[in-house]
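S.K.: any chance you could fold what I've pasted below:
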Amino acid sequence: MNYQNGVKRVIDIVVASVLLILFLPIWIVIPFLIVLTSPGPVIYRHKRVGRDGREFDMFKFRSMVVNADEILHKKDKVLLKKFKEMDWKLEAKDDPRITPLGRILRALTIDEFPQLVNVLVGDMSMVGPRAYLRRELAEQTSRYPKTKALIATVLQAKPGITGLWQVSGRNEISFDKRAALDAQYVQEMSLAGDLAILLKTPKAMISKW
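M.R.: Okay, the predicted model is just below:
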C-alpha cells in the first residue's frame, strides 16, 4: 500500500474529523447568515476534476448570487474576458457576483470549509493539487500546450483543500506555473511534505486578510 492510499488517507480522515468538530459553531452560524442575507441554497456544488480525471461535486458555502455561473459564461462578456485573461481567476473586488457576506467568507476562507466533507467521502485530500474545472483544463492546456503532460501527472492524485502553491505565497500565478507546482507536489508527495504544508496553511490564510 503506497502513501497516497494508506497513511495519507488516515491523516485526511483524522484531520478533517477534528476540524469539523472544532469548527462546529461555524456550521451552525454560517448557514443561518447565508439564508438571512441572500436567497438561494446554503451549499454550492461545483463539478471539478478529481483523481484519474473523474468528476465530483465540490462543496462550498455559497458566496455568490445563485445564477453566478450563468452571469459569467452567458451574460457578462466583459467579465468573462477578464476572467480568462487572469487565468480563470478574479479578484473579489472585481467580481460583482459575490455577495457582501460572501466577500467576508472568502477573505477568511470559511467558504471552503464544506470541502472537509469531500475529504471524508474520499473525493479530495487535505493536501493536494488544485481541483480544476473540466472546461478550464481544456482551454488552458490549449493555451499552454506544454502543460498537458503536467496535468496528466496532476490527475494522478486527489485534489486538496490546501497545497504547495497555496502556501508558497504564489496564489496570483499563471496556469502553467501553477500546473508545474501541482505536478511537483504529486511527484514529491510525502508525509513530511504534507505535514509541512498543513502547518504553513494557517499563516497562508491569515496573509490573505
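
S.K.: pull up the gap between Leu20 and Ala107, please.
M.R.: 22 Å (CB to CB, to the nearest Å). The C-beta positions use only the backbone N, C-alpha and C, and glycine is treated the same way.

S.K.: which one's more surrounded, those two?
M.R.: Between Leu20 and Ala107, Leu20 has the larger neighbour count (other CB atoms under 10 Å), namely 17 against 13.

S.K.: name the helix or strand for the more buried one, please.
M.R.: helix 7-22 (DSSP states H and E).

S.K.: measure how the helix or strand following that helix sits relative to helix 7-22, angle-wise.
M.R.: Where DSSP H and E defines the elements, the next helix or strand beyond helix 7-22 is helix 24-37. Orientation note: helix 24-37 sits at an angle of 70 degrees relative to helix 7-22 (axes from the mean of the first three to the mean of the last three CA atoms, to 10 degrees).

S.K.: A strand includes Tyr44, no?
M.R.: Yes - the assignment for Tyr44 is a strand, going by DSSP: H, G, I helix; E, B strand; the rest coil.

S.K.: count of residues packed around it?
M.R.: Tyr44, neighbours per other CB under 10 Å, totals 21.

S.K.: residues in contact with Gly193?
M.R.: Val127, Tyr185 (CB atoms under 8 Å, 6 or more residues apart in numbering).

S.K.: distance of it from Val167?
M.R.: For Gly193, the distance to Val167 - CB to CB - is 11 Å.

S.K.: tell me where the chain has strands.
M.R.: For the chain, the strands defined by DSSP state E cover 43-49, 55-61, 125-127, 160-162.

S.K.: what ranges do the helices span in the chain?
M.R.: Listed in chain order, the helices of the chain (DSSP state H) span 7-22, 24-37, 68-70, 77-85, 100-107, 115-121, 134-143, 147-154, 164-167, 175-188, 191-206.

S.K.: among those, which is nearest Ile43?
M.R.: The closest of the helices of the chain to Ile43 is helix 24-37. By CB to CB, the value is 8.3 Å.
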